[in-house]
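**Student:** turn this into a structure:
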Amino acid sequence: MAKKWIKGAIKRPGALRKTMGIKKGETIPKKKLSALVSHLKKKKERKGSLSAADTRTQQQANLAKTLKGMQTA
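**Tutor:** Reported below is the predicted structural model:
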């Protein structure tokens, strides 16, 4: 079994970073990630649903939070 299977499973590496405007090689700050998730959650509550792009961004942000949690464990 490969050691870095998660890296190979990510379909669009760097897409969340590009969306957030963070340069390649820098880590995504936890505060910015949480702010993005809460912003998208509030947007979904106001409008009832999100666009396809916002839905994808929300999924990417949730995955990033999950992976960040696994990293420290």
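**Student:** center of the chain, which residue is that?
**Tutor:** Residue closest to the average C-alpha location in the chain (Cα atoms, centre = their mean): residue 61, at 1.9 Å.
**Student:** which of the residues in the host helix or strand of it are buried?
**Tutor:** Here residue 61 sits within helix 52-72, counting by DSSP states H and E. Across helix 52-72, burial judged by 16 or more other Cβ atoms under 10 Å covers 54, 57, 58, 60, 61, 64, 65. No exception for glycine: its C-beta is placed from N, CA and C like everyone else's.
**Student:** which secondary structure element is home to residue 33?
**Tutor:** With DSSP H and E as the test, residue 33 turns up in helix 30-47.
**Student:** for the record, mean pLDDT for that helix?
**Tutor:** What helix 30-47 shows for mean pLDDT is 93.
**Student:** stretch 60-73 too?
**Tutor:** In the prediction, stretch 60-73 has an average pLDDT of 82.
**Student:** off-centre distance for that stretch?
**Tutor:** Centroid separation between stretch 60-73 and its chain, computed with Cα atoms, centre = their mean, to the nearest Å, is 8 Å.
**Student:** which residues sit against it?
**Tutor:** Outside stretch 60-73, the residues within contact range by Cβ atoms under 8 Å, 6 or more residues apart in numbering are 6, 10, 12, 15-16, 19, 28, 30, 33-34, 36-37, 40.
**Student:** great, nothing more from me.
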